[in-house]
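In: A predicted structure for the sequence below; I have some questions about it.
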Number of protein chains: 2
Amino acid sequence: MKTACSNCNLRELCLPIGLADDELKKLDQLVSTRKRLKRGDHLYHAGQAFESIFAVRSGFFKTDVLIEDGRDQVTGFQMPGELLGLDGISNELHTCNAIALEDSEVCAIPFSRLEGLSRQIHTLQNHFHKVMSREIVRDHGVMMLLGTMRAEERLAAFLLNLSHRFKARGYSPIEFNLRMSRDEIGSYLGLKLETVSRAFSRFQDEGLLSVHQREIRLIDPERLRLLITHQRT
Amino acid sequence: MKTACSNCNLRELCLPIGLADDELKKLDQLVSTRKRLKRGDHLYHAGQAFESIFAVRSGFFKTDVLIEDGRDQVTGFQMPGELLGLDGISNELHTCNAIALEDSEVCAIPFSRLEGLSRQIHTLQNHFHKVMSREIVRDHGVMMLLGTMRAEERLAAFLLNLSHRFKARGYSPIEFNLRMSRDEIGSYLGLKLETVSRAFSRFQDEGLLSVHQREIRLIDPERLRLLITHQRT
DNA sequence: TGGGGGCGTTGACGTGGATCAAATACGGGA
DNA sequence: TCCCGTATTTGATCCACGTCAACGCCCCCA
């Protein structure tokens, strides 16, 4: 089976954005390694040597940081077309765990070869920088969420973010299923699982959405959005 | 006055790490523009076009994100040798405000020229990637802090982080003055200024440090560290 | 030298979310 | 199909931090 970037339908979301055909072929050679993971498998562990970044081809991941004293923070959820492992570049060690939330497939991109290729292809170099920068911006958004929002605002922001990302991938932005548990959502949002569950129930009571287990249907996304933007006192 | 990277005493903390003499000279040409700011001046505003990243040469900065509804989150504090503006790469727009907390000086590094040079100098390319990645790792640390720590733990982590960074710059790691207000610390840590103030008082009562306005002296840094690492229940 | 404004501290009180606990729903395997 | 372990929901109670308010300190400027 042919599994190159050049015929991947995620190429407009992933690393190859804006590359010419001949450039895309060079990238193909670099991204030859694929890896399949089953639900629950680790793509990498914190502390492990960093060699490659990974592009999610199918499936769903979470990344988290654990520390000895038992603290545990989910730092992100990744869907197809998104990159994993950028945090490992700094010390050539992965600094978090990446775990498949469902059966998944990733493309491994050997980092030193990516640096090599991006010295040749300006477009690739610039795009890669933008991807890293976007990750920083995303993290600032999460900091804002964790630092200033109340529980329901956090959950609303989270759901709308998922909604956008599903939409960008051609899935329904109003009906989707969560791949992660209430506990994992809570860890990401700095809340306890009970609080997440209560916020879901409340949203449902108020007619903003319907939840059945992990099946979500957004009924009134606009009101969800207002809930976040609402003037502070 | 000669103000090149090659004779800057921050070069081992900043962008030039590990460059050979001839490479350093090329970098010098790129980093020719300097800018002085007075306390309270903006280095850039959110929304402004992104052209350069900046290296702090002297002084102290904060970056923050404001949103319409009045929310406000400090996303970081930057000291000499650290870079500002990496978040602007993604959309060629600055996404936050950078404000001098005291009279400061920065070196402007035109980004497209930096990309050009890093295509020629592998060491520079790799180092720049590590700097961006380090920023991502730092942000994950803040997410952990905001998501899982209680007020006193957050403040302890903050103070120890400042302490390390002062030490790395040759200043005392146990005696320093904060350049930011209680309110700014609170915004960074996801706390109200009163909570920050109370935590300082409590630390002082318990003999962990002494505070007089913005003058801090760490008396028992080890116990501060324990306070953070303490086993969760 | 005195007054005013900004910043910081401290106290009293309220509340959002954590914690503890129990009941229910679901999914996967024998 | 039944059973068991795990995830989720819901209720009752608690507490860390937020809120509101008063006061003190410091610095700047007239």
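Out: Arrived safely.
In: show me the residues around A:Lys38 that make contact.
Out: A:100, A:103 (CB atoms under 8 Å, 6 or more residues apart in numbering or on different chains). Where you see a C-beta, it was placed from the backbone N, CA and C, and this is true even at glycine.
In: got the buried residues for stretch A:86-94?
Out: By 16 or more other CB atoms under 10 Å in any protein chain shown, the buried positions in stretch A:86-94 come out as A:86-90, A:94.
In: ugh, typo on my part, it should be stretch A:53-65
Out: Quick answer for stretch A:53-65 (16+ other CB under 10 Å): A:53-57, A:59-65.
In: can you name the two of those that are farthest apart?
Out: A:Arg57 and A:Val65 (24.4 Å; CB to CB).
In: thinking again about what came up before, and chain B, which of the buried residues of stretch A:53-65 contact it?
Out: A:Val65 (CB under 8 Å from any CB of the partner chain).
In: could I get the buried residues of stretch A:53-65 as a markdown table with pLDDT, secondary structure and distance to DNA strand D?
Out: Below are the buried residues of stretch A:53-65 laid out as a markdown table (pLDDT from 0 to 100; DSSP: H, G, I helix; E, B strand; the rest coil; distance: CB to the nearest atom of the strand, whole Å):
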| residue | pLDDT | secondary structure | distance to DNA strand D |
| --- | --- | --- | --- |
| A:Ile53 | 98 | strand | 28 |
| A:Phe54 | 98 | strand | 24 |
| A:Ala55 | 97 | strand | 27 |
| A:Val56 | 97 | strand | 21 |
| A:Arg57 | 95 | strand | 25 |
| A:Gly59 | 96 | coil | 18 |
| A:Phe60 | 97 | coil | 14 |
| A:Phe61 | 98 | strand | 17 |
| A:Lys62 | 98 | strand | 13 |
| A:Thr63 | 98 | strand | 18 |
| A:Asp64 | 97 | strand | 14 |
| A:Val65 | 97 | strand | 19 |
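In: Show me which of the buried residues of stretch A:53-65 is closest to chain B.
Out: Nearest to chain B among those: A:Val65, at 5.8 Å, using CB to the nearest CB.
In: And the residue nearest the centre of chain A?
Out: Closest to where the C-alpha atoms of chain A average out (CA atoms, centre = their mean) is A:Gln78, at 2.3 Å.
In: Now do that one against B:Val137, distance only.
Out: As judged by CB to CB, to the nearest Å, A:Gln78 and B:Val137 stand 17 Å apart.
In: pLDDT score assigned to the residue nearest to the centre of chain A?
Out: The model reports A:Gln78 with a pLDDT of 98.
In: so it sits right up against A:Leu84, yeah?
Out: Yes - using CB atoms under 8 Å, A:Gln78 is in contact with A:Leu84, at 5.5 Å.
In: Common neighbours of the two, please.
Out: With CB under 8 Å, 6+ apart as the test, A:Gln78 and A:Leu84 both reach A:56, A:61, A:63, A:98.
In: just the helices in chain A please.
Out: All helices of chain A, identified by DSSP state H, fall at A:21-30, A:111-120, A:122-148, A:151-168, A:182-189, A:193-205, A:221-229.
In: From the contact counts, what lies against the first one?
Out: Under the contact definition 3 or more CB pairs under 8 Å, 6 or more residues apart in numbering or on different chains; DSSP states H and E, helix A:21-30 sits against helix A:111-120, helix A:122-148.
In: Check which residues of it are buried.
Out: In terms of neighbour count (16+ other CB under 10 Å), helix A:21-30 has its buried residues at A:23-24, A:27-28, A:30.
In: Would you convert the helices and strands packed on helix A:21-30 into JSON lines that also reports mean pLDDT and mean neighbour count?
Out: Converted to JSON lines, the helices and strands packed on helix A:21-30 look like this (pLDDT from 0 to 100; neighbours: other CB atoms under 10 Å in any protein chain shown):
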{"stretch": "helix A:111-120", "mean pLDDT": "98", "mean neighbour count": "16"}
{"stretch": "helix A:122-148", "mean pLDDT": "98", "mean neighbour count": "20"}
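In: what's the distance between A:Lys26 and DNA strand D?
Out: According to CB to the nearest atom of the strand, to the nearest Å, A:Lys26 and DNA strand D sit 43 Å apart.
In: list the contacts for that residue?
Out: Contacts of A:Lys26 by CB under 8 Å, 6+ apart are A:117, A:120-121.
In: now swap in A:Leu24 and tell me
Out: A:4-6, A:11, A:16.
In: mind redoing it with 10 Å?
Out: The neighbours of A:Leu24, taking CB atoms under 10 Å, 6 or more residues apart in numbering or on different chains as the test, are A:4-8, A:11, A:16, A:18, A:121, A:124.
In: The residues you listed: which two are farthest apart?
Out: Using CB to CB, these span at most 18.8 Å, a distance reached by A:Asn7 and A:Ile121.
In: Comparing these two, which residue is more hemmed in?
Out: A:Ile121 (19 against 10; other CB atoms under 10 Å in any protein chain shown).
In: shouldn't the more buried one be in contact with A:Leu27?
Out: Yes - contact criterion CB atoms under 10 Å: A:Ile121 and A:Leu27 qualify, at 8.1 Å.
In: Could you pull out the residues contacting both of these two?
Out: Shared contacts of A:Ile121 and A:Leu27 (CB under 10 Å, 6+ apart): A:Leu19.
In: Which single one of the contacts of A:Leu24 is nearest to B:Leu226?
Out: Once CB to CB is applied, the member of these that ends up nearest B:Leu226 is A:Leu124, at 46.7 Å.
In: check contacts around the closest residue to that closest one other than its chain neighbours.
Out: In space, and not counting its chain neighbours, A:Leu124 is closest to A:Ser118: 4.7 Å by CB to CB, 6 or more residues apart in numbering or on different chains. Residues counted as contacts of A:Ser118 (CB under 10 Å, 6+ apart) are A:15, A:27, A:124-129, B:115, B:118-119, B:125, B:129.
In: got a list of what A:Ala46 touches?
Out: Contacts of A:Ala46 (CB under 10 Å, 6+ apart): A:63-67, A:87-88, A:93-98.
In: any low-confidence regions in chain A?
Out: Counting by pLDDT under 70, the ranges of chain A that qualify are A:1-2, A:231-233.
In: repeat that with 90
Out: For chain A, the stretches with pLDDT under 90 are A:1-4, A:7, A:32, A:68-70, A:229-233.
In: Which positions in it make contact with DNA strand C?
Out: A:150-152, A:190-192, A:194-195, A:212-213 (CB under 7 Å from any atom of the strand).
In: So which of those reach chain B?
Out: A:190-191 (CB under 10 Å from any CB of the partner chain).
In: Out of the residues of chain A next to DNA strand C, which end up buried?
Out: Neighbour-count burial (16+ other CB under 10 Å) applied to the residues of chain A next to DNA strand C gives A:151-152, A:190-191, A:195.
In: Taking the residues you listed, tell me the two that lie furthest apart.
Out: Greatest spacing in these, by CB to CB: A:Glu152 and A:Gly190 (13.2 Å).
In: which residues touch the residue nearest to A:Arg182 when sequence neighbours are not counted?
Out: Computed as CB to CB, 6+ apart, the closest residue to A:Arg182 that is not its neighbour in sequence is A:Leu193, at 4.3 Å. Applying CB under 10 Å, 6+ apart to A:Leu193 gives the contacts A:181-187.
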